[in-house]
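Undergrad: Generate a structure from the sequence data that follows.
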Amino acid sequence: MGGAHSVYVMVAVNLYAVGQSMFSSRSLNLTAVLNSAHLKLSGVPIEGAGVVWEFFAGSAVWTKALAKRGYAYLTPIEITDCRHFDLLNYLFVEKCILILRAKLVDAAHFGTPCSSLSIAITPPRRNAEYQLGVPDLVGVAAAKVRDGNALSAVAAQLIGVCDECGVAVTDENPATSWHWKLPVIIALSARALAFEALLCYCAYGTLWRKQTRIRGNRIWVERLAAKSPGCLSHQPLRGSTFHEGRWKPWTAVASSYPSRLVSCWSKLIADNVDVSGEKKQQCEQLLHACRNDVQSTESGLTPLPGANLNLVGLGNDRLLTVGRVSRYSHIDDHLT
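TA: Residues are numbered from 1 along each chain as shown. Now for the predicted structure:
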């Protein structure tokens, strides 16, 4: 390795350490973290309700169902809604962890992406021996499997933090998804994902069967289980249909949770999740602080060569890039 290149890599790795230490600093309060992450609290919950947070939210029907019951919520995390919500950006993940540890959130849900984890993909990209991907994958297939593994790993990390902080947390994926067989998810089965509901969407009023699995850290999750009620036929999830003014694949139409499911789910949360008596006051104070936070100390940071230490500016830039530190495989997983 050349001298100049060695110095560059050393500087980049040191900047990575600086970024980590910044997030460990207690000087970053919750208001600053929320603002720097482009996240907002929706409002103040009604008496007895709390705050919820949805990851990989899609159309956020889970969040909307709880909002109807008077819950406040943090901005649902969905990268198609905002480029800053990148859960493969390690800085953004660190902010999510800080927010969860602030004990603001009472319930959280993860709809971890399953596109690269389906057993229906042909030719197979995973098997019983190679759950993380068969060895001969290249190009787009390899990239999708790598991203799927990384997103499941991030979800596992955040689910573990939720459990440690007393948050009622759930994770959902198709019943046969490889997601459930990944080591990082299996490791959570003893506690954070100890309870399970296997259900068919048709039991909640859809034309398609679509069997899915929900796991969480509260026993009431099991009450969402529902078998197919004996439908004479089901809508095949192949091809496209005209939906909401445009043509969409049936798989996309069927991706949202059924309204009856999220209604039952939100009622279970409302009936069983304990909320601090000071939750309303906590939310009022936070909203007031966010409105009056003209400029956090983070906004004065200047981006440095080879790194993004401006915590306000999150996007395609990274603290380190794979190209710059490709030798550090323990970092690569967070950056690809």
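Undergrad: need the helices for the stretch 51-200 of the chain, in chain order.
TA: Along the stretch 51-200 of the chain, counting by DSSP state H, counting those that start in this stretch, helices occupy 61-68, 90-101, 139-164, 183-186.
Undergrad: What is the burial count for Ala168?
TA: Neighbourhood size, Ala168 [other CB atoms under 10 Å]: 23. All C-beta atoms are positioned from the backbone trio N, CA, C, and that covers glycine.
Undergrad: Do I have it right that it meets Phe195?
TA: No: counting by CB atoms under 8 Å, Ala168 sits too far from Phe195 to count as a contact (10.7 Å).
Undergrad: Residues in contact with both of these two, list them for me.
TA: The contact sets of Ala168 and Phe195 overlap at 216-218 (CB atoms under 8 Å, 6 or more residues apart in numbering).
Undergrad: In the protein, which residue is most central in space?
TA: Phe55 (3.2 Å; CA atoms, centre = their mean).
Undergrad: Could you check how far it is from Lys248?
TA: 23 Å (CB to CB, to the nearest Å).
Undergrad: could you list every residue that touches the closest residue to Pro236 other than its chain neighbours?
TA: Sequence neighbours aside, Trp250 is the residue nearest to Pro236 in space, at 7.2 Å (criterion: CB to CB, 6 or more residues apart in numbering). Applying CB under 8 Å, 6+ apart to Trp250 gives the contacts 208, 235-241.
Undergrad: okay but Ala254 is in contact with Arg209, surely?
TA: No: with contact defined as CB under 8 Å, Ala254 does not count as touching Arg209 (9.6 Å).
Undergrad: Next, show the common contact partners of these two.
TA: What both Ala254 and Arg209 touch, as defined by CB under 8 Å, 6+ apart, is the set Tyr201.
Undergrad: Export only the CA atoms of stretch 263-278, formatted as CSV.
TA: Extracted in CSV, the C-alpha atoms of stretch 263-278 (Å, rounded to 0.1, in the frame of the first residue of the first chain):
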residue,chain,number,x,y,z
SER,A,263,-57.3,-2.4,13.2
CYS,A,264,-57.0,-5.5,15.3
TRP,A,265,-53.3,-4.9,15.7
SER,A,266,-53.7,-1.3,16.9
LYS,A,267,-56.4,-2.3,19.4
LEU,A,268,-54.1,-4.9,20.9
ILE,A,269,-51.4,-2.2,21.3
ALA,A,270,-53.9,0.2,22.8
ASP,A,271,-55.2,-2.4,25.2
ASN,A,272,-51.9,-3.9,26.3
VAL,A,273,-49.0,-1.5,26.0
ASP,A,274,-48.3,0.4,29.2
VAL,A,275,-47.7,4.1,28.7
SER,A,276,-46.0,6.5,31.1
GLY,A,277,-48.4,8.9,32.8
GLU,A,278,-45.9,11.7,31.8
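Undergrad: what secondary structure does Arg213 sit in?
TA: strand (DSSP: H, G, I helix; E, B strand; the rest coil).
Undergrad: Neighbours of the nearest residue to it once chain neighbours are set aside, how many?
TA: Using CB to CB, 6+ apart and skipping residues adjacent in sequence, the residue nearest Arg213 is Ala175, 4.6 Å away. Neighbours of Ala175 under the rule other CB under 10 Å: 14.
Undergrad: what does the one 10 residues further on give?
TA: Close neighbours of Ile185, defined as other CB under 10 Å, add up to 24.
Undergrad: Would you mind stating the distance between it and His179?
TA: Applying CB to CB, the value for Ile185 to His179 is 6 Å.
Undergrad: who touches both of these two?
TA: Jointly contacting Ile185 and His179 under the rule CB under 8 Å, 6+ apart are Ser152.
Undergrad: quick revisit: what remains of the contacts of Trp250 if I keep only buried residues?
TA: 208, 235, 237 (16 or more other CB atoms under 10 Å).
Undergrad: Can I get these in TSV including pLDDT and secondary structure?
TA: Formatted as TSV, these follow (pLDDT from 0 to 100; DSSP: H, G, I helix; E, B strand; the rest coil):
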residue	pLDDT	secondary structure
Trp208	89	coil
Gln235	85	coil
Leu237	80	coil
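Undergrad: Kind regards, and thank you for your time.
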